[in-house]
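Visitor: with the input below, show me the fold.
(one chain, ligands or ions: 1)
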Amino acid sequence: MTARFAIVGSGPAGMYAADALLKLYEDCRIDVYERFPSPFGLIRFGVAPDHFKTRNTARQFWRTLELENVGYFGNVEVGRDVSLDELQEHYDAVILAVGAYNDRKLGIPGEDLKGVYGACAFVGWYNSHPDYRGLNPLLDGEGVAVIGIGNVALDVCRVLAKTPAEMVDSDIAAHAAEAIEAADYTGLHMFGRRGPNEAGFTPKELGEIRELERCQVIVDPAQLPGDVPDTFEAREKGVKEKNLKILNELAAQNKPDLPITMNLQFYASPKEILGGDRVEGIRLERTEVVDGRAVATGETFDIPVGAVVTAIGYHTVPPGDLDMNGGQVANENGFVKDNLYVVGWAKRGPTGTIPTNGPDSRDVADVISERVTASGKGGGEAVRALLAERNARIVSFPEWMKVAEAEIARATGGHPRERFPTVEEMLAVLDG
Ligand SMILES: Cc1cc2nc3c(=O)[nH]c(=O)nc-3n(C[C@H](O)[C@H](O)[C@H](O)COP(=O)(O)OP(=O)(O)OC[C@H]3O[C@@H](n4cnc5c(N)ncnc54)[C@H](O)[C@@H]3O)c2cc1C
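Guide: Numbering: from 1, shown residues only. I've put the predicted structure just below:
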C-alpha cells in the first residue's frame, strides 16, 4: 500500500523532508502544498536578489517536484483553501514546513509610525513577494536605519547602497529598483546592541560591502576588540576572526566623496523611534557587553532618518490552532500531535542557512518512518476534490515552470529575470 504524505510549505525544509521521505519509503506519494504559485519559500523571497548563486540552490528541489510520485499544489493556502484537519484526515502524515516569515517587534515607542518596516516586509518588497508589492517604503529622508547586525541587515544595506549597474545581474523587483534609484537618502545606519564578536553576520556578506561603488563604509576602530576570545568553539572563532579582519580593513578604508555612507554601529540599542506622522529619527542608547549580554549605560544619542527597518528575528504563524513554544510550533523532535509533524524554521526557530535545514528535516523523516505506515487514505485525490468544490486554482509544477519561463522572457535592462510581483500576474500567464 502507498504511504501518503502532505508537506505544507515548499521552502528548503519542506523540500529536504520530501527528499528524505522518498528515500525512507519504497512506496510513497508526497504532495507539497504551497500558498503561492511559486515554490521554494525564502530561496525566492528571502535570499538577496544579487545573490544569484544562492538562489540557484532551488535547482536541486526542481528535480524533486518533477518526480512522478511528488505532487505540487501551488497557490493552495492551508488554513484558507483547505484546513489542517482535512489534510490530517486524508493523509497518513502531514509535515508542517511553513517557515517563520513574520517579523518580531522591537517593543519601543514610535514603532507604529509610518516608515517603520520589518525585514520580512522590506526584503519581500524588493524580492517581488506578493504580500508586499504595495509597501512603497519611505525612502525620501536623509537616512535609513537598519536594526540588527546579521546577514539580513547587511543584505538590506547592500541592496540600498548598490548602483543600478551593480544590480544588473540581480532579479530585484523593477518597482524597488526604480524607487531605490530615485531615493534621496545619503546615510545608511546599521545598529547592533552588542559588539563585533557577538554579531551574526558572516565573512562573505561582510566582505561584500568593501567593494561598493557609491558607498563609503564607516566603522569606528575604537569599537573593534583586539581579538576573539577562546570562549567561542574553534569553527565559530575562525568565522569571528575573519569578520574582525574585514572590520579592521573597513575601519582603515578611505573612500571620500562618495554620495552614500554606511555606518556600522555596535553597542547601540534602539530606545525610541522619533517623529510626528512619520519617522524622523531614531534614539539609541549606548550599551556595554557584560558576560555576552548588552547592558544599557544610560547615554543616548539621536540619528535623523526617514525610515527604519528592523531585522531582529521572526516567528511562525501556523495554519491551525496549535500549541506554540515561543515563536515556534511546540514539538518533540518534530512530532507535534496525532499524525502531524513539523520541520525547518517552524520547528527550531529562524536560525541557520538553507543547507542547515537538510539534517534537521532528515531527522524528522526518521522519526516519521518509525511511526507511520500506509493506511489506505485518500491523499491528494481526496483533497483535490475538496479544492474543486471550493473553486481553488491549483498551480501544478509544470504550470509553475511556464510562469518561470515567462519571468525570464520579460526581463529587460540586462537583468536575468523580471518576476511577477502579484499572484494575479502569475495566474494571467496560465489563464490569460
Ligand atoms: C531575508 C532572509 C534572507 C536569507 N538569505 C539566506 C541566504 O542568502 N543564504 C542562506 O543559506 N539562507 C538564507 N536565509 C535563511 C533561509 O532562507 C532559511 O534557512 C530557510 O528558508 C528556512 O526554510 P523553511 O522551509 O523552514 O522556511 P521558508 O523558506 O520560509 O518556507 C516556508 C514555505 O511555506 C509556505 N507557507 C507558509 N504558510 C503556508 C500555508 N498556510 N499554506 C501553504 N504554504 C505555506 C511559504 O509560502 C513558504 O514557501 C535567509 C533568510 C531570510 C529571512
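
Visitor: which residue is the nearest non-sequential neighbour of the closest residue to the ligand within the stretch 51-200 of the chain?
Guide: Going by Cβ to the nearest ligand atom, the ligand is nearest to Gly99 of the stretch 51-200 of the chain, at 2.4 Å. Glycine gets a C-beta too; all of them are placed from N, C-alpha and C. When the adjacent residues along the chain are set aside, Gly99 lies closest to Trp345, with 4.7 Å between them (Cβ to Cβ, 6 or more residues apart in numbering).

Visitor: going by neighbour count, list what's buried in stretch 205-219.
Guide: 205-209, 212, 215-219 (16 or more other Cβ atoms under 10 Å).

Visitor: swap in stretch 58-67?
Guide: Along stretch 58-67, these residues count as buried under the neighbour rule (16+ other Cβ under 10 Å): 58, 61, 64-65.

Visitor: run through the residues you listed and flag the ones next to the ligand.
Guide: When those are checked against the ligand using Cβ under 6 Å from any ligand atom, none falls in range.

Visitor: from these, which ones fall inside strands?
Guide: The strands, defined by DSSP state E, take in nothing from these.

Visitor: now Asn254, what's its secondary structure?
Guide: Of the three states, Asn254 takes coil under DSSP: H, G, I helix; E, B strand; the rest coil.

Visitor: go ahead and confirm the residue nearest to Gly99 touches Pro318.
Guide: No. Contact between Trp345 and Pro318 fails when scored by Cβ atoms under 8 Å: they sit 11.6 Å apart.

Visitor: comparing those two, which residue is more hemmed in?
Guide: Using other Cβ atoms under 10 Å, the more surrounded residue of Trp345 and Pro318 is Trp345, with 29 against 20.

Visitor: what does the pLDDT read for that one?
Guide: In the predicted model, Trp345 carries a pLDDT score of 97.

Visitor: for whatever residue of the stretch 251-400 of the chain ends up closest to the ligand, which non-adjacent residue is closest in space?
Guide: The ligand sits closest to Gly344 of the stretch 251-400 of the chain, with a gap of 2.4 Å, by Cβ to the nearest ligand atom. Beyond its immediate neighbours in the sequence, the residue positioned closest to Gly344 (Cβ to Cβ, 6+ apart) is Ala13, lying 2.3 Å away.

Visitor: for the one you found, give me its contacts.
Guide: Listed by Cβ atoms under 8 Å, 6 or more residues apart in numbering, the contact set of Ala13 reads 97, 99, 343-347, 357, 360-361.

Visitor: now tabulate those in JSON lines and tack on secondary structure.
Guide: Compiled in JSON lines, the contacts of Ala13 are given as follows (three-state DSSP):
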{"residue": "Ala97", "secondary structure": "coil"}
{"residue": "Gly99", "secondary structure": "coil"}
{"residue": "Val343", "secondary structure": "coil"}
{"residue": "Gly344", "secondary structure": "coil"}
{"residue": "Trp345", "secondary structure": "helix"}
{"residue": "Ala346", "secondary structure": "helix"}
{"residue": "Lys347", "secondary structure": "helix"}
{"residue": "Asn357", "secondary structure": "helix"}
{"residue": "Asp360", "secondary structure": "helix"}
{"residue": "Ser361", "secondary structure": "helix"}
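
Visitor: mind saving the C-alpha coords of the helix or strand of the chain with the lowest mean pLDDT as PDB?
Guide: Each helix and strand of the chain was given a mean pLDDT (mean pLDDT, DSSP states H and E); the minimum falls on helix 52-55 at a mean of 87. What follows is helix 52-55, C-alpha atoms only, in PDB (Å, rounded to 0.1, in the frame of the first residue of the first chain):
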ATOM      1  CA  PHE A  52      22.000  34.700  -7.700                       C
ATOM      2  CA  LYS A  53      24.200  31.700  -7.000                       C
ATOM      3  CA  THR A  54      22.400  31.100  -3.600                       C
ATOM      4  CA  ARG A  55      19.000  31.400  -5.400                       C
END
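
Visitor: which positions in the stretch 201-350 of the chain make contact with the ligand?
Guide: If contacts are counted using Cβ under 6 Å from any ligand atom, the residues of the stretch 201-350 of the chain sitting beside the ligand are 319, 344-346.

Visitor: against Gly79, how distant is Glu280?
Guide: Counting by Cβ to Cβ, to the nearest Å, the gap from Glu280 to Gly79 is 39 Å.

Visitor: where exactly do the helices run in the stretch 51-200 of the chain?
Guide: Under the criterion DSSP state H, counting those that start in this stretch, helices of the stretch 51-200 of the chain are mapped to 52-55, 59-65, 84-90, 119-126, 151-161, 174-182.

Visitor: show me the contacts for Phe232.
Guide: Residues in contact with Phe232, defined by Cβ under 8 Å, 6+ apart, are 197, 240.

Visitor: before we move on, what about Asp302?
Guide: 274, 281-284.

Visitor: can I see the domain layout of the protein?
Guide: Following automatic domain parsing, one gets these domains for the chain: 3-101+315-431, 116-310.

Visitor: need the helices of the stretch 51-200 of the chain in a markdown table (columns: distance to Gly414).
Guide: Supplementary listing: the helices of the stretch 51-200 of the chain in a markdown table, determined by distance: least, Cβ to Cβ, whole Å:
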| stretch | distance to Gly414 |
| --- | --- |
| helix 52-55 | 13 |
| helix 59-65 | 22 |
| helix 84-90 | 43 |
| helix 119-126 | 17 |
| helix 151-161 | 17 |
| helix 174-182 | 12 |
